[in-house]
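The following comprises the amino acid sequence and a computationally predicted model.
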Amino acid sequence: MEMDWIRGLLGGLLIGTGGAVYLLANGRVMGASGIIGGMIDGTGRNTAAERLSFLAGVIALPLLLTLAFGGVATHITSNLAVLVAAGLLVGIGTRIANGCTSGHGVCGISRLSLRGIVATCFYIGAGGITVLFFRHLLGVI
Amino acid sequence: MRNLFALLAGSLFGAGLHISGMTDTTKVQGWLDIFGAWDPTLAFVMGGAIIPMAIAWQLARIRKSPLVGGTFPPPSEPRIGRNLVIGSVLFGIGWGLAGMCPGPAIASITYGGPGVIVFIAAMLAGMWLAPRMRSYLDSAVPAE
């Protein structure tokens, strides 16, 4: 438990360094929902190779780290209704808002973007109320 | 070169998500659970990520163009807009329900089991539906 914040900070620095490479080398904002979503709705067809290369790294490194040092549990719920509802909301919401935790959060806040800061306040607020409601009042998550 | 740098950026991002513990839904829901057993880890992840990224934005202002050519992203739009708020609230509800957002879901696709696969499938369906919902929103309430 004491190591958690150190791992968090170290992992955070790696995430930010990835975003720095994507910006300074490729000239792009590193947003996971935008990179994935552009492949789904066709808006990113011309940049598909770049998007797929990025996603290959996102998938490969955790796999390599798992093989080398053992697995990490996601503790994700097995409640099918919750999984489907959550996935749909995350997919729809991030694309309507044009960003998620990486795009609006990491890349937006770091350039003091008002949109990024406002989006982050709203998704953290909504997430907090959701956990309060569904965990402490209904007890389903 | 463009794809190689994208692979490098994605690798750093994936390793960071994995090491930071953000692929563990209990840590994300713990961060959101301010009335329960609150877990501050996400703040350290966010803080750690913002440091190199803020430096990168400053460097981008000095440099004329990205390493592989092209242009840097335009300055952030100042307008907030209804879609930003509605979208972020919907995203936040989903994020709270499962404790997963797009990056960590993809990062844990190989070891997250069927739960993560179902979440990603629903997320992709949502991303496919979003442009249709966005145009519905735009026609239902005129943009300000």
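All right, it came through fine.

right, and the helix or strand after the helix or strand hosting residue B:106?
Element membership for residue B:106 (DSSP states H and E) is helix B:102-107. Once the chain leaves helix B:102-107, the next helix or strand it forms, by DSSP H and E, is helix B:113-140.

What helices and strands are in contact with that next one?
In terms of contacts (3 or more Cβ pairs under 8 Å, 6 or more residues apart in numbering or on different chains; DSSP states H and E), helix B:113-140 is packed against helix A:32-40, helix A:80-97, helix B:82-98, helix B:102-107. (C-beta placed from N, C-alpha, C; glycine too.)

Please compute how far the shortest one lies from its chain's middle.
To tie it back to what came earlier, the one meant is helix B:102-107. Distance of helix B:102-107 from the chain centroid (Cα atoms, centre = their mean, to the nearest Å) equals 9 Å.

does it come close to chain A?
Yes. Using Cβ under 8 Å from any Cβ of the partner chain, helix B:102-107 reaches chain A at B:102, B:103, B:105, B:106, B:107.

on contacts alone, who are the packing partners of that helix?
In terms of contact count using 3+ Cβ pairs under 8 Å, 6+ apart, helix B:102-107 is assigned the packing partners helix A:32-40, helix A:48-69, helix A:80-97, helix B:2-20, helix B:113-140.

Could you check these and tell me which one is nearest residue A:22?
Closest approach to residue A:22 among the helices and strands packed on helix B:102-107 is made by helix B:2-20 (3.9 Å; Cβ to Cβ).

Go ahead and measure how far whichever helix or strand comes after the closest one is from the middle of the chain.
Sequence-wise, the next helix or strand downstream of helix B:2-20 (DSSP H and E) is helix B:25-32. Distance of helix B:25-32 from the chain centroid (Cα atoms, centre = their mean) equals 15 Å.

swap in stretch B:6-22?
Relative to the chain's own centre, stretch B:6-22 is displaced by 12 Å; criterion: Cα atoms, centre = their mean.
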